[in-house]
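Enquirer: Give the three-dimensional model of this entry:
(4 chains)
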Protein chains: 2
Amino acid sequence: MRIGELARRTGVRVETIRWYEKSGLLEKPARIAGNYRDYDAAALARLSFIKRGRDLGFSLKQITELMALTRNARADCERVDAIARQHLAEVERKIVDLSSLRRELSGLVNSCTGGAIGDCDILQALAPEGPPSRSEG
Amino acid sequence: MRIGELARRTGVRVETIRWYEKSGLLEKPARIAGNYRDYDAAALARLSFIKRGRDLGFSLKQITELMALTRNARADCERVDAIARQHLAEVERKIVDLSSLRRELSGLVNSCTGGAIGDCDILQALAPEGPPSRSEG
DNA sequence: ATGCTCCCTGAAGTCGCTACAGGGTCAAGG
DNA sequence: CCTTGACCCTGTAGCGACTTCAGGGAGCAT
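Expert: Residues are numbered from 1 along each chain as shown, chains lettered A, B, ... in the order given. I've put the predicted structure just below:
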C-alpha cells in the first residue's frame, strides 16, 4: 500500500510517517514506480505499535526501545516494565502538578467580578508582591 | 541592576531573560559601560509578572496579551477573565486526559508478571490487534 | 492539454527555552 | 603589570515531535 492508505489505516498523518522514517523509527520501505513508498503488513503493524505508544504518551525514544525489546523474544520483561513504570510515575507527577495549578487558576477565575482592569483580581494575583517602587524590598 | 542580579531576584535564568527580550516580552534595557544590560525596578516587576504567569502555565503569547491589558487601565476585565478561563479549561482537559492515561498505564504495569518478553502483557497491549502476519485481518 | 489527487524532497517554522562557542569587561590579588 | 575569576556579550544550534511550506513529479480522467 502507498503512504496515504497507511496513514488512513493507522490514523497517523502522512508527513508524520515520513518523519518517523527520517528519524529511524520506521525502516525505509521499498519503492514502486513513480518513486512512491510501498508499505506491507509488517510496516502497518509497526506503525500501529508506534501510534498506540504515542497515544499512551510514550516518547519516541521509549517506543524505539520497546520495539527493540519485542524483537528480542528471550529477553526479560523487566526493562519493559521499568519503562512503563517510569512513564506512569511521570504521568502521575504531571497530574499532581496540574491539579494544584487548577486549584490556583480556578481561585483566580472565580475572583473576577467583572469590573475594570484596575480592580481585576486576576491581574492583581499575577503582579509581583509589591509595586514597582521598592521601599520595602 | 545587571542581568545576573535580575535573574537571582526573579528566579529566571539569565539566558531566558535574554530570550524574552529577543522575543519581545521584555523591552530592550539601557546599557551601561561594557555594554552590559541595565535593569530598573519596572523591568523587575515586568519579569516577575512573566514568571508568575509561566508558573501558572500561561503561554508567552497569553502573557504578552495580559501585560498589554494591564497597561490599558480603563479596559474591561472581560478579556483577562476569558484568557484565564480558557487556560483553566485546557488544564482541566489535560488532567482528564492524563487520568485516563494513568488508568491504562497502571493496568499495564500491574499486568506484568515478570516473565519473558513473549509473555509480556505490556507489549501485548501495545501491539496491534493481530500479529504481523495477517491471516485474519 | 487540463485538472485532479496523490506523491516526492528539502527546508523552515512551532514553543520555550537550553547549551555552546568564542569572545569582551572589570575588580581584586600578587 | 599581569593573571585570575566572575560576570557579561553575541550568535547559532539543539531539543521533541511534529507541521507547514515551496516547488515540483506521477498517473488518471476528461
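
Enquirer: Report the central residue of chain A.
Expert: The centre of chain A sits closest to residue A:57, judged by Cα atoms, centre = their mean, with a distance of 5.0 Å.

Enquirer: Next one: that one from DNA strand D, what distance?
Expert: Distance from residue A:57 to DNA strand D, counting by Cβ to the nearest atom of the strand, to the nearest Å: 8 Å. Every C-beta, even on glycine, is put in place using the N, C-alpha and C of the backbone.

Enquirer: For residue A:115, report the pLDDT, please.
Expert: Note on residue A:115: pLDDT of 68.

Enquirer: what does residue A:125 give?
Expert: pLDDT, residue A:125: 81.

Enquirer: hang on, it packs against residue A:111?
Expert: Yes: if you go by Cβ atoms under 8 Å, residue A:125 and residue A:111 touch, sitting 7.4 Å apart.

Enquirer: okay, the residue nearest to the centre of chain A: pLDDT?
Expert: 93.

Enquirer: and residue A:96, how many residues sit next to it?
Expert: 12 (other Cβ atoms under 10 Å in any protein chain shown).

Enquirer: Report the separation between it and residue B:82.
Expert: 27 Å (Cβ to Cβ, to the nearest Å).

Enquirer: now swap in residue A:93 and tell me
Expert: Applying Cβ to Cβ, the value for residue A:93 to residue B:82 is 30 Å.

Enquirer: Poorly predicted segments of chain A, please.
Expert: Flagging of chain A using pLDDT under 70 yields the residue ranges A:73-76, A:114-116, A:118, A:128-137.

Enquirer: longest helix anywhere in it?
Expert: helix A:78-111 (DSSP state H).

Enquirer: ok, now which ones touch the closest residue to DNA strand C within chain A?
Expert: Chain A approaches DNA strand C most closely through residue A:4 (2.4 Å), counting by Cβ to the nearest atom of the strand. For residue A:4, the contact set (Cβ atoms under 8 Å, 6 or more residues apart in numbering or on different chains) comprises residue A:14.

Enquirer: May I have the secondary structure class of it?
Expert: Counting by DSSP: H, G, I helix; E, B strand; the rest coil, the backbone at residue A:4 sits in helix.

Enquirer: For chain A, which residues are neighbours of DNA strand D?
Expert: A:13, A:15-16, A:19, A:33-35, A:54, A:59-61 (Cβ under 7 Å from any atom of the strand).

Enquirer: Tell me which two of these sit farthest apart.
Expert: Farthest pair in these (Cβ to Cβ) is A:33 and A:59. Separation: 36.6 Å.

Enquirer: more neighbours, those two?
Expert: Using other Cβ under 10 Å, the more surrounded residue of residue A:33 and residue A:59 is residue A:59, with 13 against 6.

Enquirer: Quick check: the more buried one vs chain B, distance?
Expert: As judged by Cβ to the nearest Cβ, to the nearest Å, residue A:59 and chain B stand 14 Å apart.

Enquirer: what's the answer for residue A:46, then?
Expert: Residue A:46 is 8 Å from chain B, by Cβ to the nearest Cβ.

Enquirer: Excluding chain neighbours, what is closest to that residue?
Expert: Spatial nearest neighbour of residue A:46, chain neighbours left out: residue A:26 (6.3 Å); criterion: Cβ to Cβ, 6 or more residues apart in numbering or on different chains.

Enquirer: and the one you found, how many neighbours does it have?
Expert: Number of residues near residue A:26 (other Cβ under 10 Å) recorded here: 21.

Enquirer: Can you tell me the SS state at it?
Expert: coil.

Enquirer: wait, what's in contact with residue A:51?
Expert: Residue A:51 neighbours (Cβ under 8 Å, 6+ apart): A:10-12.

Enquirer: sorry, back to before: restrict the helix or strand that the longest helix of chain A is followed by to CA atoms and write it as CSV.
Expert: Later in the chain than helix A:78-111, the nearest helix or strand by DSSP states H and E is helix A:121-126. Presented in CSV, the C-alpha positions along helix A:121-126 are these (Å, rounded to 0.1, in the frame of the first residue of the first chain):
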residue,chain,number,x,y,z
ASP,A,121,-8.1,40.3,40.9
ILE,A,122,-6.6,38.1,38.2
LEU,A,123,-4.0,40.7,37.3
GLN,A,124,-3.5,41.5,40.9
ALA,A,125,-2.6,37.9,41.5
LEU,A,126,-0.2,37.9,38.6
